[in-house]
Every structure is written in structure tokens, then in C-alpha cells.
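Novice: structure for the following, please:
(chains A, B and C)
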Amino acid sequence: MNSVILVTVSRLLTGLLLVFSVFLLLRGHNLPGGGFAGGLVAASAFVLHALANGFPSARRLLGVPPRLLIGFGLAVAILGGVAGMLAGRPFLTGLWDKTPLPVIGKLGTPLLFDAGVYFTVFGVVCLIVFSLGEEGEED
Amino acid sequence: MELLLAVTIGTVYAAAFYLLLRRGLVKLVLGIALLSQAVNLLLFAAGGLREGAVPFIAADETTLAATGADPLPQALILTAIVISFGVLAFTLAMVHRADQSTGTDDLDDLKSTDAP
Amino acid sequence: MNAVTFAILTPLVAATLCMLTLRSGVAQRLFGVGGMAVLLLVAVRLMSEVADGSVLVVRFGDWPAPFGIVLVGDLLSGIMVLVSAIIGLAVAVYSLADIDARRERFGYYTFLHFMMLGVCGSFLTGDIFNMFVWFEVMLISSFVLMSLGGERPQMEGAVKYVTLNLISSSLFLAACGILYGQTGTLNMADLAVRSREYMRPELLTMTAMLFLVAFGLKAAMFPLFFWLPASYHTPPVAVSAVFAGLLTKVGVYALIRTFTLIFTNDVVFTHGLLLGLAGATMIAGVLGAMIQFDFRRLLSFHIVSQIGYMVLGLALFTPLAVAATVFYIFHHIVVKANLFLISGITARYGGTFDLKKLGGFYAALPLLALLFFIPAMSLGGIPPLSGFFAKFGIVKAGLAGDTVFGGWAVVLAVVALAVGLLTLFSMTKIWAEVFWKAPTEGHVPHGGAIPAGEKFLLFAPVAALAALTLAISFFPQYFFDFAARAAEQLLHPETYIKAVLEPVP
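Specialist: Below you'll find the model as predicted:
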């Protein structure tokens, strides 16, 4: 697709969407948002870039292969779940830091788990869209 | 409201099964997508409809008031949507691959592995 | 902290490690087999923890039941996880020689572990909606395993497999929704209590029928079995072996769990229906197998007929019958996966799965002939092999006369005996065609056709599973004792319900 408007807008929007995705991730525990929504928005930033500038460019921009994002996300999510077990509570038990930080709010292992979900969803969507899209370009 | 929802669910189910019974591979995918939507609507209706109610526990209470809406069906539907999203993505990739390796989108031509 | 959590964590961690090292073949294989070995150790530990009849409960996130999701480990779950881990390890070792580098690079071991995660999760969960989620984890991974490689027969099989299983899932989900709408809970122990109090009996029976169709489709029960012989012979042998061993049995497990815990209000109707379907499943499967001459397709039809036996045991609903079902599942998973693995070895040597073309294996590979003989005769129910005791238990329960079905139970017991005879016919057909018949042109088996290293990887799991079959055969009382205690727990779910709903100290 060769659209000047899309290319220009995507340059602005890609960064904006990524920032918005982190915002969604951080507010997600008690408010609408969370790792899943954040991951989708982050992936959509790269999908938008791919539509405007082609899939090879999007892969270069992403830097790491999507499958590594999935693996990393899963590993982080597992850590978030196991942290509760290390404290002698069941798997996935949330541990919270008592004192809230400015801007972010209270920190705890659910955030770690959510971050894992974020990266997993991010990776899965990128993997699916990239591999389907690239096949389409070959035809 | 219940009646409207019941009719809608029935219609979506009917459309889904109609598409599933057609011969085209793409129609099959659309049928699967519609089927998961029909189930989501069914979950929504089965969880009980409370117009204008909120799923919050009041500040001075410990349990949800009898007039409050039940938040669980929404959680179930959200999970189901996430799963059907993954399933649909896989189904699309599979149909694409099946089209490439068999060269047809007619389900009646995909009979070579069936038991005689 | 008990082994229940680790039975979920181990495959999850193994899948993640495989995912992170997708480019390194060595790491893939290491994590692939290593993960299964660890899972087996965890399963043995789990079994030792539940062996005394205690019910282990893990509350995810420390939320009290019935509000949070619980994992429950009782004897049936322990047995199922143990046998799954055994098959998982055997198949992972076999895969080292059977799965090509391309499939490996596409994440074969990752999805194998994700599938094990779904299987173990389904066996251990105490929450009906959570079971749906584990089913989906298992299904999506199995979809990928089935279509990995993308050859034409695979894709044709995959389209049917995927569609039918998705329809089953949507029925399962709809049934969960209706059950929740009526009782306001999804925890299975809580459902067992509340469905009696809050649901009209006929509505409960209707919901039971929805679950019966959903699980019956996954278990390949009559009349919803035709997707199985159309797809199970298309993927690589290692994949079809693990499918044949585990996937349909997850459906049977779900039937056992729900129809002993929740849907027991109208046993004459629900279990009577199961009784009829079991008979039809046995007959349809074994008759379908008789005319087949493709090694794996013939075995696929036998999966269907064997499912009938397991459901028959559940339907009879006496302590002996349910115990025989549990024993049957354990014996069957080991035997059936082994037969599929052997079909792969003969195909390696003979270059085809066509029974008419294969031949001469008895002279060329006497060891393989022996290794085939054990599971094949066991499946046919020849004493003193494990299948005999399994069938004996079910037939005896049918003839005992303490069921609620009276004469029908006797009829079904006779059907089971006749089907056993026909099973033996199929097994002797394979024996005569593949092992005794003179080899045909172009498919002459040659002892040196496979390099020694690969040969070991192919034969070791087969030999180990055959040895396990012999162990079940010679010490059946030991295995039957476990099965009987599992049945005792299933038919008296009070311990289960109490353990799950007990307030957290």
C-alpha cells in the first residue's frame, strides 16, 4: 500500500499508540485496560506501521522476532505467578507493596503477571499478522 | 428484553449453522465466528439481565445487593472472546494453508482422508 | 505446597523454554524430553500424595472456593496425570527420531507441552468453566500439531477435526452458561450441591444432555465419532500416538467427572442413555475397523470402539463398573499409544501404512513382532494380558445384576464380549498381514534400514510401554486396587465436595 497520508500519520501514531499501550497496562488493575488490551494496542501500532511501510520495515522496527516476545511474556507471567508461591501462598497469589508510588500507584506481582500478558499478546498478534501478511505479499 | 435477546440468539445460531453447512471453506470460518458470538450472547442472557444495575458492592456492604448486576457473566464472555479470537486467527491461517495445499475451497473435494 | 501446582507449572515452563529457544534444535529436544521427564516425576509425586485417598486442593490466587478457581487432585486425577506423563515422555523420546527438523523449528515441542498443559489442567481443575479454558488450550495446541507441516492429507483432516471440535466447545460453553444462570456457581463441588437445591430436575437433565453431546463429541462417541478416523491418521506418527492416547480420554474423563459428581439426579435416564450410546459406539467402531486396510485408520476405529467400553463402565454406575472403567482407561492409553508408535516403525521399514503392501516383519524383525504382540493381544482381551482384566471387570459388572438397568446391562455385557471377539479379529488381521505374510515387492523390511541411534529412540518407548502393559498384566490387583479406590471416591463425592468447599484456615 502506498499512501502518503497513511505513511505520514503512521509515523506519529506508532509512537503514540505504544505510549498509550503502556498507559493501559499500568492502569489496568482497577480500571479499564490491562495487559491484554495494552498488548493489542501495542501490536496494532506495529500492524499500522506494517500497513503503511511494508512488513520488512515493521520487523526491523520491532527489532526482536515476535516469538521471543511471546516466550519472554510467558516467562514474566510465570514469574508473576510463582512469586506468590515463594512467599508460601498458592500459585498466582498477589503480593502487594504497601506504599503507593507516585503516578504508577501500588506495585505488586499482579502487575508483573499483567506485563507478561502484555508481551505475550503483543507477540502473538504480531506473529499472526506478520506471517499472514507476508504470505499475502508473496502471492 | 429477554424475548428480543432470545430471538437474536436463535437467529445468530441459525445463521451460524447455515454457514457451517455450506460447502465453502470461507463460509465455514464465518460460521465458526458467528457460532462463538451466539454462545457469548447466550452466556450474557443466561447470566440474568438487570437493566440499569451496576455490578458494584456498596461501600458499607460486604455482599452484592440483590438488585445489583452479576459481573461474572461478563468475565466469562471476555474469556470466551479472547479464546475465540485465538481460535479464529488459527482457523484463518489453517484455511489459508488448506487452500494452498489442496487448491480448492470446496469442502466436498476434501474427502480423500475420509473413511470409506 | 503440593504437586498439583507443579503438574500445571512444569509443562508451562517447558513450553516457554522451548518457545525461547526455537532456533536451537538441541535446546528444543533437551527441553522437549526433559520437560516430560520432570512432569513424570511430578506425576509420581502427585500420585503418592493422593494414594491414601486424600483430596488435594489448590486455590489459585488464594481466593476461597467457590469464588476463586481451584485445582483439585484426587485419585482419578492423579491416575490420569500419571498415565499422561508416561505417554508424554514416551512420545517425546519417539519424536526425536520421528519429527523432522522443519516441524521442530515451527515449534513442535512447544505445542506438545502446551497440549500437555491443557490435558493436565483438564484433569486437575475443579471448576467447570476453567475446564473449558483448559480444553481450549489443549485443542488449539492439538490443532497446530495436527496441521504442522501443512501436507494435503493433514489439512483435509485438520479442517474436519477443527470444525467438529469447535462446535463441541461452543456447546460446552453454552452449557456452562446455562448451568451458571441456574445455580450461580461454576465450581464443580458447589454445583453438585446447588444444582440439587436450585435447579428443577428436568432442567438439570437437559443441561446434562448438552454436556453429554459436548463431551461425547470430544470422546468420539456414537454417532459423533466420524471426525476421528478421518483425521487421526494424517499427522506424523508421534502426533497421532499422543492424540490417540490422550485426547479422546480427556473427553471420557470429563464425562466421568460430571456424570458422577453433578448429573446423578436421574441415573435411569442419563446413564441409561450413556449405556445405549456405549453399545452403539463399541459396535460402530469395531465394525468400521473390520474393513480398513490402513494401519493407523484401523487403529483409529478401535479407539472409537474402546471408548464404548469406558463409557459402558460409567453408565453401569456400580463401584465395580466405575473401577473397571478407570482401570480400562489406564490400560487403554498405554496400549493404544504403543500400537500407534509401532505402526510408525513398520511404516519406516516398509515405506507404507497399507496393510496389504506391508509384510514379512516376523522374519525380518522378530523383536518388533513380540513388541506388537503384547499390546495387540492386550487390546483384544486375551488373558493374562491387561486388556483381559479390564474387559472382565466391565463384563462382570454388567452381569452382576446390581445395576438399575436390569436385563439391559446383561445385553450390553454380551455386546461387549462380542465386540472383544471382533477386536481380536482386527488384531489378528494386522498380525497376519504385517508380520506373517510374505513381503511384497518394494516394501521388503530390512533390519538395517534405520540407523542404530534412531532405531534405539524408536524402539525404547515402544519397549517401555510394552513392559508397562506386562506389569499391569502380571500385577493387576495392584492397579485395580487404585482404580477401585478412585471409583469409591467418585461414587461418594462427599469427601471431594467437603475438601473443596472447606473454608480456608
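
Novice: tell me which element the residue in chain A positioned nearest to chain C is part of?
Specialist: Proximity of chain A to chain C (Cβ to the nearest Cβ) peaks at A:Gly71, 3.7 Å away. Where C-beta positions appear, they are placed from N, C-alpha and C, glycine not excepted. Taking DSSP states H and E as the definition, A:Gly71 sits inside helix A:66-86.

Novice: hmm, who's touching that helix?
Specialist: A:39, A:90-95, A:109-124, A:126-127, A:130, C:1, C:5, C:9, C:12-13, C:15-17, C:19-20, C:22, C:61-62, C:107 (Cβ atoms under 8 Å, 6 or more residues apart in numbering or on different chains).

Novice: so C:Tyr253 sits against C:Leu124, correct?
Specialist: No. C:Tyr253 lies out of contact with C:Leu124 (Cβ atoms under 8 Å); the separation is 10.5 Å.

Novice: burial count for B:Ala45?
Specialist: B:Ala45: 20 surrounding residues under other Cβ atoms under 10 Å in any protein chain shown.

Novice: next one: A:Pro100
Specialist: If we define neighbours as other Cβ under 10 Å, then A:Pro100 has 11 of them.

Novice: apart from its chain neighbours, what residue comes closest to it?
Specialist: A:Lys106 (4.6 Å; Cβ to Cβ, 6 or more residues apart in numbering or on different chains).

Novice: OK, contacts around the one you found?
Specialist: By Cβ under 8 Å, 6+ apart, the neighbours of A:Lys106 are A:Trp96, A:Asp97, A:Lys98, A:Thr99, A:Pro100.

Novice: what score does it have for pLDDT?
Specialist: Per-residue pLDDT puts A:Lys106 at 71.

Novice: one more: A:Pro102?
Specialist: We have a pLDDT of 69 for A:Pro102.

Novice: chain C contacts on chain B?
Specialist: B:20, B:25, B:28, B:32, B:35-36, B:38-39, B:42-43, B:45-48, B:70, B:72-73, B:76, B:79-80, B:83, B:86-87, B:90-91, B:94-95, B:97-98, B:100-102, B:107, B:110-116 (Cβ under 8 Å from any Cβ of the partner chain).

Novice: residue contacts, residue 20?
Specialist: Let's take chain A. If you count contacts by Cβ under 8 Å, 6+ apart, then A:Phe20 has A:Val41 around it.

Novice: actually it's chain C I care about, not the one you picked
Specialist: Residues in contact with C:Leu20 (Cβ under 8 Å, 6+ apart) are A:Leu68, A:Gly71, A:Phe72, A:Ala75.

Novice: how about 6 Å then?
Specialist: By Cβ atoms under 6 Å, 6 or more residues apart in numbering or on different chains, the contact set of C:Leu20 is A:Gly71.

Novice: from the contacts of helix A:66-86, which land in helices?
Specialist: A:39, A:109-124, A:126-127, A:130, C:5, C:9, C:12-13, C:15-17, C:19-20 (DSSP state H).

Novice: what is the nearest of the contacts of A:Lys106 to C:Arg257?
Specialist: A:Trp96 (35.3 Å; Cβ to Cβ).

Novice: give me the low-pLDDT residue ranges for the chain?
Specialist: You didn't pick a chain, so chain A it is. A:1, A:102-105, A:135-139 (pLDDT under 70).

Novice: try again with chain B
Specialist: Residue ranges of chain B with pLDDT under 70: B:115-116.

Novice: swap in the stretch 301-450 of chain C?
Specialist: The model of the stretch 301-450 of chain C has pLDDT under 70 over residues C:447-448.

Novice: show the residue spans covered by the helices in it.
Specialist: Ranges of helices within the stretch 301-450 of chain C are C:319-350, C:361-364, C:366-380, C:386-399, C:407-430, based on DSSP state H, counting those that start in this stretch.

Novice: what is the orientation angle of the last one with helix C:366-380?
Specialist: This points to helix C:407-430. Here the directions of helix C:407-430 and helix C:366-380 differ by 160 degrees (axes from the mean of the first three to the mean of the last three Cα atoms, to 10 degrees).

Novice: which other helices and strands does helix C:407-430 contact?
Specialist: Using 3 or more Cβ pairs under 6 Å, 6 or more residues apart in numbering or on different chains; DSSP states H and E, the elements in contact with helix C:407-430 are helix C:267-290, helix C:295-316, helix C:366-380, helix C:386-399.

Novice: taking helix C:267-290 as reference, get the angle to the second one.
Specialist: Looking back up the chat, that one is helix C:295-316. Going by the same axes, to 10 degrees, helix C:295-316 is angled at 160 degrees with respect to helix C:267-290.

Novice: coming back round to it: which of the residues of chain B next to chain C count as buried?
Specialist: B:20, B:25, B:28, B:32, B:35-36, B:38-39, B:42-43, B:45-47, B:70, B:72-73, B:76, B:79-80, B:83, B:87, B:90-91, B:94-95, B:97-98, B:101-102, B:107, B:110, B:113, B:115 (16 or more other Cβ atoms under 10 Å in any protein chain shown).

Novice: those residues also near chain A: which ones?
Specialist: For chain A, no contacts are drawn from those by Cβ under 6 Å from any Cβ of the partner chain.

Novice: out of those residues, which are inside helices?
Specialist: B:20, B:25, B:28, B:32, B:35-36, B:38-39, B:42-43, B:45-46, B:72-73, B:76, B:79-80, B:83, B:87, B:90-91, B:94-95, B:97-98, B:101-102.

Novice: what about the closest residue to C:Ile99 other than its chain neighbours, distance to C:Ala347?
Specialist: Distances taken as Cβ to Cβ, 6+ apart place C:Tyr108 nearest to C:Ile99, at 5.3 Å, with adjacent residues excluded. Separation of C:Tyr108 from C:Ala347 (Cβ to Cβ, to the nearest Å): 19 Å.

Novice: so for these two, which sits in the more crowded spot?
Specialist: When C:Tyr108 and C:Ala347 are compared for neighbours, C:Tyr108 comes out ahead with 26 against 17, by other Cβ under 10 Å.

Novice: on that earlier part again, please identify the deepest-packed of the helices of the stretch 301-450 of chain C.
Specialist: helix C:319-350 (a mean of 25; mean count of other Cβ atoms under 10 Å in any protein chain shown).

Novice: what separates the residue of chain C positioned farthest from its centre from C:Gly351, distance-wise?
Specialist: Centroid-distance maximum for chain C: C:Glu441 at 37.2 Å, with Cα atoms, centre = their mean. Distance from C:Glu441 to C:Gly351, counting by Cβ to Cβ: 11 Å.

Novice: thanks again, I'm all set now.
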